[in-house]
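Q: Task: produce atomic coordinates for the following.
(one chain, ligands or ions: 2)
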Amino acid sequence: MHSPKLRLEGVTHSYRSGRQSVAALAGIDLTVDEGEFVTIIGPSGCGKSTLFNIIAGVEEPTGGSVILDGEVNGERAGKTGYMPQQPLLLPWRTVEENVMLGLDIRRVPRKRAREQARELLKRFGLSEFAEHYPAALSGGMSQRVALLRTVLFHPSFLLLDEPFGALDALTRLSLQMWLQELWQSLKASVLFITHDVREAILLSDRIYVLSARPARVLRVVRVELPRPRRPEQLTSPEAAGLEQELISLLLKEQTA
Ligand SMILES: Nc1ncnc2c1ncn2[C@@H]1O[C@H](COP(=O)(O)OP(=O)(O)OP(=O)(O)O)[C@@H](O)[C@H]1O
Ligand SMILES: [Mg+2]
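A: Residues are numbered from 1 along each chain as shown. Ligands and ions are numbered 1, 2, ... in the order given. Predicted coordinates:
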C-alpha cells in the first residue's frame, strides 16, 4: 500500500515561558509523498520553523502525531536532512570538510566521507572550492555548500527552511534551478519553507498556506505547471492567477 514519507495529524505546539504559554501550532495536518516537493508559506512568526524542529525531532510536539516512514511519534533524530533557517558553516573546516560533517557525525570512515563529499561537490559544480574555507565563498556558494552538507547527511528527505532567504534575485533564481535539478536527480522528498510566493510556485508540487500564529492550514494548492520548470512559466495566466490568490490570502493573514 502507498504510504507517504511524512504525515502530520493534528500537530499542536505551545512554548512555555514562565507561567505563560505561547501557542505556535494549532492542529496541523500535512503530508509529503515519496518524491514530492511540498512548500509551506505563511506570515512571519506563525510557527513554520517550529514545525520543522518538530519534524526533525529537535522538539516534541505538545499534541498530535508525527508519522515519519510509517512510524508514529518515533525517534526522528538523524532521519531527515534538516537545513535550519540560519545554517552555519564551520569557519575552521574547508568547504569539503563542511560537506563531510554529517558523515563525521555518523562516524563514516574519513576516506570514504571525503570521497563522497568530493563527488557531490563535483556533480554540483563546486569542486574548485573544495579546499577553500567558508570565508572565501560568496553568499550563494555558502548556501549551496550548506545544502550539499544537508544532502550528504540524509539525501532522501530534505527539510529546507528558507534556504535562499538572504540572496539577491539573480543568485536566488540560479539556486532555485539548481535545487530543482538536485531534487530530480536525487528523487528526494522535499519540505520547503519560503516567504516568496513565486519561489513556491516555481518549485512545488503542492503548497500549504498557513495562518498567522498559532498556525493552522488555510489552504492547500497543487501546482500543475509542467516540469522541469523554467522561470518564464511564472508569467503564464495559470501561474499569475495562483500567485495573486496566494498573495491575497497571505495579506489577509498579515492584517488579521
Ligand atoms: N524556543 C522558543 N521558545 C519560546 N518561543 C519560541 C521559541 N521558538 C519560537 N518561539 C515563538 O513561536 C512563534 C513561532 O516561531 P517560529 O520561529 O516557528 O516562526 P516562523 O514562522 O518560522 O517565523 P519566520 O517566518 O520569521 O521565520 C513565535 O512567536 C516565536 O517567538
Ligand atoms: Mg522561521
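Q: Next, the distance between the ends of stretch 201-220.
A: In stretch 201-220, first residue to last residue: 12 Å (Cα to Cα, to the nearest Å).
Q: For it, buried residues please.
A: Residues of stretch 201-220 classed as buried: 201-218 (neighbour count, 16 or more other Cβ atoms under 10 Å). Glycine gets a C-beta too; all of them are placed from N, C-alpha and C.
Q: In strands only, show me these.
A: Assignment to strands by DSSP state E places the following of the buried residues of stretch 201-220 there: R206, I207, Y208, V209, L210, V217, L218.
Q: Redo those as a markdown table? Include pLDDT and distance to L182.
A: Compiled in a markdown table, these are given as follows (pLDDT from 0 to 100; distance: Cβ to Cβ, whole Å):
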| residue | pLDDT | distance to L182 |
| --- | --- | --- |
| R206 | 98 | 19 |
| I207 | 98 | 20 |
| Y208 | 98 | 22 |
| V209 | 98 | 25 |
| L210 | 97 | 25 |
| V217 | 98 | 27 |
| L218 | 97 | 29 |
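Q: Could you take the residues you listed and lay them out as TSV, with extra columns for distance to E162?
A: Below are these laid out as TSV (distance: Cβ to Cβ, whole Å):
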residue	distance to E162
R206	18
I207	15
Y208	15
V209	16
L210	14
V217	19
L218	19
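Q: Which members of the buried residues of stretch 201-220 additionally contact ligand 1?
A: R213 (Cβ under 6 Å from any ligand atom).
Q: mind listing the strands for this structure?
A: Ranges of strands within the chain are 6-17, 20-32, 37-41, 63-68, 71-72, 81-83, 157-161, 189-193, 206-210, 217-222, based on DSSP E.
Q: Need the residue closest to the centroid of the protein.
A: For the chain, the residue whose C-alpha lies nearest the mean C-alpha position (Cα atoms, centre = their mean) is L160; its distance is 1.7 Å.
Q: Make sure that one is actually in contact with T150.
A: Yes - using Cβ atoms under 8 Å, L160 is in contact with T150, at 7.4 Å.
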